[in-house]
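S.K.: sequence isn't available, so here's the structure alone:
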């Protein structure tokens, strides 16, 4: 059973394409999804990117909503706390201390979200698979959707 995470666009597309290695969340990822391939689901909500995060037109995959747009592996997380003199790393898992610092300083980190989920080995799907999402962390894909996603992965989606 493949787990999934719903992410607002255009962030879901940018994660699936490997442009955005961190996903901002309020809490740590469930242990059940760390180190395993999971689906990246583009929710129905589209956010505006803050100025300076992306130049030029966004990739087409960033406009898809209500579908699985790719897969990736959450390899770990970095928990960041804010102080008046700036952020500091409270804890981290699955990455080195140097990587944790790099992720903490990432342009993709949004102040106010305490935990960065670190994605690796992301694979965008050539044909996004329509699927209703869920707001819970690490929800399970319906069997037919999972079969369609895995079919594209087995055909070498990249």
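M.R.: That came through, no problem. Given the structure is predicted, the values throughout are model-derived calculations rather than measurements.

S.K.: low pLDDT regions in this protein?
M.R.: Residues of the chain meeting the criterion pLDDT under 70: 84, 157-158.

S.K.: hey, where'd the strands end up in it?
M.R.: 3-9, 22-25, 37-46, 67-83, 86-93, 115-130, 139-140 (DSSP state E).

S.K.: for the helix ranked longest in the chain, buried residues please.
M.R.: Longest helix in the chain by number of residues (criterion: DSSP state H): helix 143-154. Using 16 or more other Cβ atoms under 10 Å as the test for burial, helix 143-154 gives 145, 146, 148, 149, 150, 152, 153. The C-beta positions use only the backbone N, C-alpha and C, and glycine is treated the same way.

S.K.: my guess is residue 10 contacts residue 45. True?
M.R.: No: with contact defined as Cβ atoms under 8 Å, residue 10 does not reach residue 45; the gap is 10.8 Å.

S.K.: so for these two, which sits in the more crowded spot?
M.R.: When residue 10 and residue 45 are compared for neighbours, residue 10 comes out ahead with 23 against 11, by other Cβ atoms under 10 Å.
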